[in-house]
Every structure is written in structure tokens, then in C-alpha cells.
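Novice: turn this into a structure:
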Amino acid sequence: QVQLVESGGGLVQAGGSLRLSCAASGSIFSINAMGWYRQAPGKQRELVATITSGGSTNYADSVKGRFTIARDNAKNTVYLQMNSLKPEDTAVYYCNADLVPSSWLPSRKYWGQGTQVTVSS
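Specialist: Model (predicted):
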């Protein structure tokens, strides 16, 4: 059984910062890419940022220069540092991991339960 548990969401004023964390636990053989997605009310879930096991990163244009993704492979944890937050960043943020649970199983994507980020103007 694999679990992704997010933490760090909350309410912040525009211009403020938040740091999200997501820890993967359970039966884990290896983790490939990890990432963050978000879903605002009435909108589709969208990619925010991803990071490979080697540290290569990819960001949505809307967050480039404001958000930074990082990971600690020893702790199976991915982070999202969010600076200069805007009201349009308000959404539920979901952690995602492309993970191999056992050496004899293929990789698959796992999702966290989501954490609410609200940015007030």
C-alpha cells in the first residue's frame, strides 16, 4: 500500500509565501518523477511543477519565477515553495508520484488527497 500525504496548505495574503510538502510511504521500490498539480473550483486539474529523480524540473508558465519544486530522495518527499502568491493561485494542490511499488511491478501514478491553498487579495 502506497500513500502520499501532503501538508503545508492554508490561507495567506497576496504576496505571501507557503511551502507544501508531500511524503510518500508504504511499499516503495523506486520513485521516478514527482510533481504538483492544482485544481481551482470549476476548472480542470492542471500541472504546476514536476521534478525527475535526477532533479530536472518543469514548471507551468503561470508559476515560473515564483514557485520552486525540490525533492529529498532519501525521504521520498517532494516540496513546493510558493512565493509571491496571487489570488489566482487559489486551488486544491495535489501531489503526484510516478512510483514503482515493487521490483516485479510496473510503475504507476499515485495521488495525494490534496491540500487547500487560499490566497486573499
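
Novice: report the central residue of the protein.
Specialist: The residue lying closest to the centre of the chain (Cα atoms, centre = their mean) is residue 36, at 2.6 Å.

Novice: the closest residue in space to residue 53 that isn't next to it in sequence: what secondary structure?
Specialist: In space, and not counting its chain neighbours, residue 53 is closest to residue 32: 5.8 Å by Cβ to Cβ, 6 or more residues apart in numbering. C-betas here are computed from N, CA, C, even on glycine. Look at residue 32: counting by DSSP: H, G, I helix; E, B strand; the rest coil, its state is strand.

Novice: thinking again about what came up before, what's opposite the residue nearest to the centre of the chain in the beta bridge?
Specialist: Beta-bridge pairing of residue 36 under DSSP bridges involves residue 49, residue 95.

Novice: can you tell me how far it is from residue 117?
Specialist: 10 Å (Cβ to Cβ, to the nearest Å).

Novice: which residues are in contact with both of those two?
Specialist: Common neighbours of residue 36 and residue 117, counting by Cβ atoms under 8 Å, 6 or more residues apart in numbering, are 20, 93.

Novice: hmm, back to that, pLDDT score assigned to the residue nearest to the centre of the chain?
Specialist: We have a pLDDT of 98 for residue 36.
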